[in-house]
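Undergrad: Here you go, sequence then predicted model.
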Amino acid sequence: MSWVLTIAGFAALIVLHEFGHFAVAKAVGMRVERFALFFPPLLFKVRRGETEYGIGAIPLGGYVRISGMNPHEELPPDVEPRAYFRQPPWKRIVVIAAGPAMNILVAFLILWGLYWANGTAQATSTVAKQGLAPPASAVLRPGDRIVAVDGHGGSPQTIHDAIARHRCAGTPRDGCVATTPARVTVRRAGRLLTFEIRPRYDATLGYTRLGFTFGTKTTPAGPLRAAHVSLDSMWRVTKGTVLAVGRIFNPQQRRQISGVVGTSKVLQQEIHYDATQALVVLAIISLSLAIVNLFPFLPLDGGHIFWAVAEKVRGRAIPFSVLERAGVVGFLLVILLFVIGLSNDIDRLRGSGFGPR
């Protein structure tokens, strides 16, 4: 059942993204030939007016086909004035930007609704009952208050960073044990206790951990407070997404890139565990989809926006041969990112992945 909901969640994000393109293209007078969920061949299609709606067989995305996206495309005289490349740059920019904008809006509405309904949660230094797993489960108990790790106390983030400093020997593998133990000091029933625990590497997260989660303290939030916290969370996700894409150029961090399989697995686990947390993950995926799509490489949305802006600044159309070459480079970068992410997902399941040996 969780797989069905996972696929439905991804499909909803794709449909909403493409609907953004579709609705704005229609609004500015462009002719939309096709609105499709997933890529061809089409398993199902139906025509309504001038637009064909369909569902494809390859579940890697979706697309909206607008007449005249290829400037060399031959079009009937009545369609020519409504063709994509016959429109001024500003119209093309708003049509292309509408897809990522829809994903950003969806992410905001999900987070805003959750924060308003449930309040804002702040991590405490107390060990939570849920999420306690090896190796921490052998010595820690729910309710223990983490005082320090290796002498570093303070906020949960400081404690997290102290644990993550412990590394496995050589190239990290999922589940490998750190070479040195972490000295964990806790307060339990009024007594200070110190344990030595060797963290384990979690390939999905990309760092070592002890196997416990911090408890949280919830504070009620009104609509304005919920909006502020939502925007702050989205900004942190945006920075994280940009940094994650940058890992493609760092051989040591390349293993942390996740693809479709890894992302869907995380969402599936969250759906099985907690519907609220699953919605948070879905919001993060929606925002990440928007950010990645805005990178200035064809065939991504950001690439189309970049070249439309370049045309506006230049004052005349960009030669199609330039767009073709830029499209090839961008396509290869997208494929490279996809292959690395997929390889790392397989690595986490059974192998060694795409990274330094």
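TA: All right, it came through fine. Numbering: from 1, shown residues only.
Undergrad: which residues sit in contact with the closest residue to residue 130 other than its chain neighbours?
TA: In space, and not counting its chain neighbours, residue 130 is closest to residue 213: 6.8 Å by CB to CB, 6 or more residues apart in numbering. The way it works is simple: take the backbone N, C-alpha and C, and place the C-beta from them, glycine included. Neighbouring residues of residue 213 by CB atoms under 8 Å, 6 or more residues apart in numbering: 127, 128, 130, 131, 132.
Undergrad: What ranges does this protein have for its helices?
TA: Ranges of helices within the chain are 2-27, 89-118, 156-164, 223-246, 260-273, 275-293, 301-314, 320-349, based on DSSP state H.
Undergrad: Which one, of the ones you listed, ends up nearest to residue 198?
TA: helix 156-164 (10.6 Å; CB to CB).
Undergrad: Who are the packing partners of the closest one?
TA: strand 120-127, strand 145-149, strand 152-153, strand 207-209 (3 or more CB pairs under 8 Å, 6 or more residues apart in numbering; DSSP states H and E).
Undergrad: Can you give me the distance of the residue nearest to residue 130 to residue 142?
TA: 10 Å (CB to CB, to the nearest Å).
Undergrad: Could you name every residue contacting both of these two?
TA: Common neighbours of residue 213 and residue 142 (CB under 8 Å, 6+ apart) are 127, 128, 132.
Undergrad: Burial check on the last one, number of neighbours?
TA: By the other CB atoms under 10 Å criterion, the neighbourhood of residue 132 contains 17 residues.
Undergrad: May I have the residues that are in contact with the residue lying closest to residue 111 once chain neighbours are set aside?
TA: The shortest distance from residue 111 to any non-neighbouring residue, by CB to CB, 6+ apart, is to residue 230 (4.0 Å). Contacts were defined as CB under 8 Å, 6+ apart; by that measure residue 230 touches 108, 111, 112, 115.
Undergrad: Out of these, the closest to residue 299 would be?
TA: Closest to residue 299, out of all of these and judged by CB to CB, is residue 108, at 26.0 Å.
Undergrad: Centre of the chain to stretch 177-194, how far?
TA: 34 Å (CA atoms, centre = their mean, to the nearest Å).
Undergrad: now swap in stretch 8-22 and tell me
TA: 14 Å.
Undergrad: Using neighbour counts, pick out the buried residues of it.
TA: Neighbour counts over stretch 8-22 (16 or more other CB atoms under 10 Å) mark 9, 10, 13, 14, 15, 16, 17, 18, 19, 20, 21, 22 as buried.
Undergrad: which outside residues touch that stretch?
TA: So stretch 8-22 is in contact with 32, 35-38, 59, 61-64, 66, 95-96, 98-103, 106, 264, 267, 271, 278, 282, 285-286, 289-290, 293, going by CB under 8 Å, 6+ apart.
Undergrad: ok, now stretch 147-163?
TA: Residues from elsewhere that reach stretch 147-163 (CB under 8 Å, 6+ apart): 123-125, 146, 165, 182-187, 192, 199, 208-210, 214.
Undergrad: avg pLDDT for it?
TA: The average pLDDT within stretch 147-163 is 87.
Undergrad: for stretch 99-118, same thing?
TA: For stretch 99-118, the per-residue pLDDT averages 92.
Undergrad: C-alpha coordinates for it, CSV please?
TA: Only the C-alpha atoms of stretch 99-118 are listed here, as CSV (Å, rounded to 0.1, in the frame of the first residue of the first chain):
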residue,chain,number,x,y,z
GLY,A,99,6.0,24.7,-13.4
PRO,A,100,8.7,25.2,-10.7
ALA,A,101,6.5,27.9,-9.2
MET,A,102,3.7,25.4,-8.8
ASN,A,103,6.0,23.0,-6.9
ILE,A,104,7.2,25.8,-4.7
LEU,A,105,3.6,26.8,-3.9
VAL,A,106,2.7,23.1,-3.2
ALA,A,107,5.7,22.8,-0.8
PHE,A,108,4.7,26.0,1.0
LEU,A,109,1.1,25.0,1.4
ILE,A,110,1.9,21.6,2.7
LEU,A,111,4.4,22.9,5.3
TRP,A,112,2.2,25.9,6.2
GLY,A,113,-0.8,23.7,6.8
LEU,A,114,1.2,21.2,8.9
TYR,A,115,2.8,23.9,11.0
TRP,A,116,-0.5,25.7,11.6
ALA,A,117,-2.3,22.5,12.5
ASN,A,118,0.4,20.8,14.6
